[in-house]
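Predicted model, plus sequence, below.
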Amino acid sequence: MSAVLIGGMDRLRRVYMLAAGELGIDLKIFTGHERSLRKQIGEPDMIILCTGKVSHSARLRAFKYADENSIPVEMIHSSGVSALKRCLEGRS
């Protein structure tokens with residue numbers, strides 16, 4: 001299974017990857033400093049949005065991309081690792 005995390009904190013990038021890896025999930029992380037996100041997302045099984053750490057326009061673009069490609073979107077307000085784990089455990 002693969003997932004994309006949009007938002008989150010740069011300093012937790014490695015911990016996010018470890019948490020997803022423990023569940024057997026390939027995780028791509030975009031913390032908001034990337035350009036042309038649409039080209040980099042690919043075709044994941046799900047998109048996770050950290051609503052507290054992502055701009056309104058980025059959220060709208062993510063939802064549009066997900067809708068165009070039939071990808072489910074999960075939203076979490078917290079950008080903590082435990083919130084990400086709970087979200088991923090519900091899908092793995």
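Good, I have the coordinates. The model shown is predicted, which means the values in this text are computed figures rather than measured ones.

CA atoms for contacts and neighbours, from now on please.
Will do.

now the helices: where do they sit in this structure?
13-22, 37-41, 56-68, 81-89 (DSSP state H).

Compare these and say which comes out lowest on pLDDT.
The minimum mean pLDDT among the helices of the chain belongs to helix 37-41 (a mean of 79).

which residues sit against it?
Residues outside helix 37-41 that contact it (CA atoms under 8 Å, 6 or more residues apart in numbering) are 4, 28, 30, 65.

Return the residues in contact with the first one.
Put plainly, it is Val4. Here Val4 is in contact with 27-30, 41, 44, 46-48 (CA under 8 Å, 6+ apart).

Could you do the third one as well?
Taking CA under 8 Å, 6+ apart, we find Phe30 in contact with 4-8, 37.

still on that earlier bit, could you identify which of the contacts of Val4 has the most neighbours?
Ile47 (23 neighbours; other CA atoms under 10 Å).

partners of that residue in the sheet?
Counting by DSSP bridges, Ile47 is bridged to Val4, Val73.

show me what contacts it?
Ile47 touches 3-6, 66, 71-74, counting by CA under 8 Å, 6+ apart.

I'd like these as a markdown table, with distance to Ser82 appended.
Shown next, in a markdown table, are these (distance: CA to CA, whole Å):
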| residue | distance to Ser82 |
| --- | --- |
| Ala3 | 16 |
| Val4 | 16 |
| Leu5 | 14 |
| Ile6 | 16 |
| Ala66 | 24 |
| Ile71 | 23 |
| Pro72 | 20 |
| Val73 | 18 |
| Glu74 | 15 |
